[in-house]
Structures are given as structure tokens and as C-alpha cells.
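J.: A structural model of the following input is requested.
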Amino acid sequence: MTQGYLCVLLHAHLPYVRHPEYEDSLEERWLFEALTETYLPLLAMLEERAQRGAPGRITVSLSPTLLAMFEDPLLRKRYAFHMGRLIELAEREVARTRHEPRFQPLAIHYRERFRARLHQFEERYRRDLTSAFRAVSDAGSVRLITCGATHGFLPLMSLGAPSWRAQIGAAVGEFERQLGRRPEGIWLPECGYAPGVESVLAEFGIRFFVVDTHGILHACPRPLPGTYAPFRTESGVFALGRDADSSRQVWSATEGYPGDAFYREYYRDQGFDLPIEEVSGFLPSGGTRTHLGLKYYRITDRRSTHREPYEPEIARDRAREHAAHFVRGRASQAREASERIGQPSLLLAPYDAELMGHWWYEGPEWLGYVLDEAAEPTSEILAVDPLEAIGALPQTTAGRLHPSSWGEGGYSAVWLDPSNDWIYRHLNHAAETMQALASAGDRGDSLVRRALRQAGRELLLAQASDWAFIMRTGTLVPYAVRRTELHLSRFGRLADALKTNRINPVEVAELEELDPIFPSLDPGLFA
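T.: Reported below is the predicted structural model:
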């Protein structure tokens, strides 16, 4: 008997990091690493399941900035070149380790893996990952949903609904343009919920979204099932709350599976371990040492710095064992919850997609094994997408959610503290200016409309929550500050030109070329 419905949701997002002004930027490497270690392995796993007709479905949110980079010809070309260079480096490593029997098999492992990923990208997908995701969605292996246009943190947008409408409307429009259908679900950036967001979601046909656990546990009225049932908001859109136990089993630094001694150690990489003269030709412009994806060690012991060589086959066996343990745990949890609430239970397990493969190398394999375990005839849980769960489970009465996020502290502290609070007066002033400009319309002038559209793009890019997050964490702060100031400056120049009716067509064209994201953006969304 089915005791519960397991909804695994992977949130796939990266900020828009397109830098044509550099031959090889460190920030574009973020995308290339995620393609190699997360998105391509995830697609391969989903395709394999579709080909054998395996039951079970996951949900993946594809952020609009990520989709924009997937379709960008420059980034596609650069990724293919990057992979060619990695294969060359791996070939050198195979030769260098020829007298090191503990390490040469790993060098060969990476060489073959890089070759397979490049073949998958070039030959199988013709460099088009968006179509590849659409294909596995059509095959029934995954439900695709959207996210805020540039991952803007909605609770800190002082205009409220007008700013939310622009972020959500632009996201829905891009999803439909690229994937050929309107999204029925959305991942609110950082799970950031503020009262009223659900009404804007309803305007765009969104049927469900995700909140953190306390968003539902502190709702009014508090639902008896807690997060174990879909929560119907007053606008009719359903909220699904993160299951704390499912998250802890994977995310926890002390209890989580990724910390197992036999899994690959993320932080030991040949980009740092090899002498600089052996890797300098493979580093980004400026020669900054960075991860190159050749990692020869396993975690071994988190309490010491000693590391033993990585053994992929043993790690794969551990992933299979951990998948079985995870499914048994969720079945037991669902059974206990169902007895308490008198109905089958919902278990929503959301994770950053980059955890699967990038941070946790074995993650995609683990996920595939989880789906296989859940599909066993004796399993008491089913792996489904949120709409399947909503259709199968009794609904709670309508209520009001509690403001929340999945950031540290559960609210807005990560994105609003002394390290980043200076940005909001500028962002909110720009949003007010954009609202006024959009309300005035384009007056039938194509150049005015182009300038309005580009101003909207620059505002959306400035609103990305990634910049405030980077400032707070203290990593690459100058880059985050520069991106915020750059997009606000570009917005300001366009706004002044629109106000004075002195639009420079050359400047508009240059900005369109630098930031060609959201080609069909409707400036009316900002009005």
C-alpha cells in the first residue's frame, strides 16, 4: 500500500555569466563545471530511465538565466573548446601517472568521462541542452518548472507586485519561448515568499510553488498535516513545504550521505595540486588557480587532512546502499506520518541541482538508484512530481502562508545585512523608475521600445540574488559588486535617455549585444 509520495526537486540555477570581453573568464567556468558534472550526467541518467521505461519522475526547475546560457552560441562554442582542453590535460595526466598504479586508473577515468561528456554535448545534443531537457520531459522522466527571471529575491523588492510581476512574467515568457509550453510550477528564488506572491503566480497560470518548512508550519490557520500535504493558498495556487528529514539526510554536514569516507573529495583538485607550470595553460585568463575536475582522492576521514585515492566502483556501491537507506527511511517516515494524519503523506525533497554531481560526484547515480528503489513492487512510496501528488492527496483548506526563505535563519538575513544592504536603495529606485517609464509606453517608436526592453533586462540582471549572496559569503565580492553597479549604471543611462528622448541607437545596440538575454521581454510587465 502506498504510504507516501516522494517529490524530488532539483533547482538548477546559475547567474548570467557571459563575458565576451574576455577570452576565458573564471565566472564562465562556473557554467562549464556545472555542465560537465551536473547537467550532462543528470540528462544521461534521465535518458537511460526513459529508454528502459523506468517508472518514477523527478522535478527540475531551470532558471531563465541558465536557459539563456544553454542557448547562447558563444558559450556553447567556448564550452566545447574548454572540454577539448580538459581532454588534453587528462591525456597528459595519463602519461604523467604511468608509474603510479594508484592514480593512473583515475586519470584514465577522467579522460574517458570528459570524452563522453563532449560527445554527448556535440554529437547527441548538437550543443542544445534545452531540447535535451524537453525530450526527457516529453518522455515522462521529469517535470520541468521555472524560477524567477534572474533569481531576484522577491521579499526585498519594495514595489511588491509590480516587481514580482516582471520577474515572474519574464520567466514564464522565456520558459514558453524555449520549451514550447507554459510552466505549471515555479521555484521561488531562495524559496523567498512574501504575502501576495501567490496572487501574481495565479495571474500567470502557475499551479504550485515551494516554500521552506516554517512557511507552512507557521501558516494561518496552521494545517493539521503540516508539510505532509499540499497547502492551498487563498489564490488557489498550491504551496509545497520542504520536508526537513529528507533534506537533512542529504544536506547535513554531519549526517548527510555526501560526507561518506568513500565518496570523492571535492576540494582536492589537480588545478591546485599540480605545479603551476603544468596547469598554467589550462587556467582562466589571469592564471588564477581553480578546479579543473581531475580529483584523485576520496574523503577518507573528515576529522583529518589525510586522503586516500578515490575508487569509483566502491563509491558507486556506496551510492546504491545510501539510496536504499534513503528510501527505507522515507517509507518509515511516510508510514508514521500517514498514521498520524489519516492519509498518505507528501515528502518534498528539494536540493540544489549542483549538489548532484558537482559537489557530490556520485549524486546523479544515487538519485537514479533512489528512483529504482522507490519503483520496487514492495516499496511503500512513489516517486512523483508535485502535480501528481496534488491530484492524489486530499487538499488542505485555504490559508495564509508565513513569510519565509530557505536561507540561513529562515527569512531575509542572508540577502540583507551590512555587507550588502547598500544595494537596495539603488535597486528599488531603479524599479520605481522602470515602472514609470514602462507605464508611459513606447509611443509607437521601435527605438524607444528597444531601449525600454534593454532597460528592463539591465534591471532584472541587477536584481539577481546571487550578487547579494556572494557579498554576504565573502567570496568574489569585487565581482558581485561590479556586476550590480554595472547593470545599474547601464540601466541609469538608458533611463536618462528615455526621459530626455535622446536615445543613442549605437549604445542600445552595444548593450543588446553585451546582454542579449530575454529577447522577447515585454516592457509592459514592469508597468
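J.: P386 and L393, how far apart?
T.: Distance of P386 to L393, computed by C-beta to C-beta, to the nearest Å: 10 Å. Just so you know, the C-beta spots here come from the backbone N, C-alpha and C atoms, and that holds for glycine as well.
J.: Of the two, which one has the most company?
T.: P386 (24 against 18; other C-beta atoms under 10 Å).
J.: how about the more buried one, what does it touch?
T.: C7, L9, T59, R143, G185, F208, P230, F238, L240, L348 (C-beta atoms under 8 Å, 6 or more residues apart in numbering).
J.: Which two among the residues you listed are spaced furthest apart?
T.: Taking C-beta to C-beta, the two most distant members of the contacts of P386 are R143 and P230; they sit 14.8 Å apart.
J.: which of these two has more neighbours?
T.: Neighbours per residue, other C-beta under 10 Å: of R143 and P230, the larger number sits with P230, 27 against 21.
J.: In this model T397 seems to touch that one, though I could be wrong.
T.: No. With contact defined as C-beta atoms under 8 Å, P230 does not reach T397; the gap is 11.6 Å.
J.: Can you work out which residues contact both of those two?
T.: What both P230 and T397 touch, as defined by C-beta under 8 Å, 6+ apart, is an empty set.
J.: sorry, back to before: which one of the contacts of P386 sits in the busiest neighbourhood?
T.: Counting neighbours by other C-beta under 10 Å, C7 comes out on top of the contacts of P386 with 29 neighbours.
J.: quick one: that residue and N501, what's the gap?
T.: Counting by C-beta to C-beta, the gap from C7 to N501 is 51 Å.
J.: One more: G410?
T.: Distance from G410 to N501, by C-beta to C-beta: 47 Å.
J.: Compare those two (neighbour count), which wins?
T.: Comparing G410 with N501 by other C-beta under 10 Å, the one with more neighbours is G410, at 18 against 9.
J.: can you pull the contacts of that one?
T.: Here G410 is in contact with D212, H214, S404 (C-beta under 8 Å, 6+ apart).
J.: and it, backbone torsions?
T.: The phi/psi pair for G410 (degrees, to the nearest 10) reads phi 90, psi 0.
J.: Measure how buried G342 is and give me the count.
T.: 9.
J.: again, but for A497
T.: Neighbour count of A497, defined by other C-beta under 10 Å: 18.
J.: same check, this time on S158
T.: A count of neighbours around S158, defined by other C-beta under 10 Å, yields 12.
J.: dump the residue contacts of the nearest residue to it once chain neighbours are set aside.
T.: Once flanking residues are discounted, S158 sits nearest to N428: 4.3 Å by C-beta to C-beta, 6 or more residues apart in numbering. Applying C-beta under 8 Å, 6+ apart to N428 gives the contacts M157, S158, L159.
J.: Let me know the closest of those residues to T290.
T.: Among those, and counting by C-beta to C-beta, the member closest to T290 is M157, at 33.3 Å.
J.: wait, what's in contact with the closest one?
T.: Going by C-beta under 8 Å, 6+ apart, M157 touches S163, W164, Q167, L427, N428, A431, Q463.
J.: Need the pLDDT of the fourth one.
T.: This means L427. Per-residue pLDDT puts L427 at 98.
J.: buried residues in the longest helix seen in the chain?
T.: In the chain, taking DSSP state H as the definition, the longest helix is helix 312-341. Residues of helix 312-341 classed as buried: 312, 315, 318-320, 322-323, 326-327, 330-331, 333-335, 337-338, 341 (neighbour count, 16 or more other C-beta atoms under 10 Å).
J.: got it, and stretch 150-165?
T.: Going by 16+ other C-beta under 10 Å, stretch 150-165 has these buried residues: 150-157, 159-160, 162-165.
J.: neighbours around the closest residue to F282 other than its chain neighbours, how many?
T.: Among residues not flanking F282 along the chain, L89 sits closest, at 5.1 Å (C-beta to C-beta, 6+ apart). When neighbours are defined as other C-beta under 10 Å, L89 has 24 of them.
J.: L89: what secondary structure?
T.: Under DSSP: H, G, I helix; E, B strand; the rest coil, L89 falls in the helix class.
J.: quick one, what contacts it?
T.: When contacts are counted by C-beta under 8 Å, 6+ apart, L89 is found next to Q270, V279, F282, L292, L294.
J.: Name the member of the residues you listed with the most neighbours.
T.: Scoring the contacts of L89 on neighbours with other C-beta under 10 Å, the highest-scoring entry is L294 at 25 neighbours.
J.: still on that earlier bit, ok, then the element right after the helix or strand harbouring the residue nearest to S158?
T.: Using DSSP states H and E, N428 falls within helix 423-440. Sequence order places helix 446-462 as the next helix or strand after helix 423-440, per DSSP H and E.
J.: That next one packs against which elements?
T.: For helix 446-462, the packing partners by 3 or more C-beta pairs under 8 Å, 6 or more residues apart in numbering; DSSP states H and E come out as helix 161-179, helix 423-440, helix 477-500, helix 505-514.
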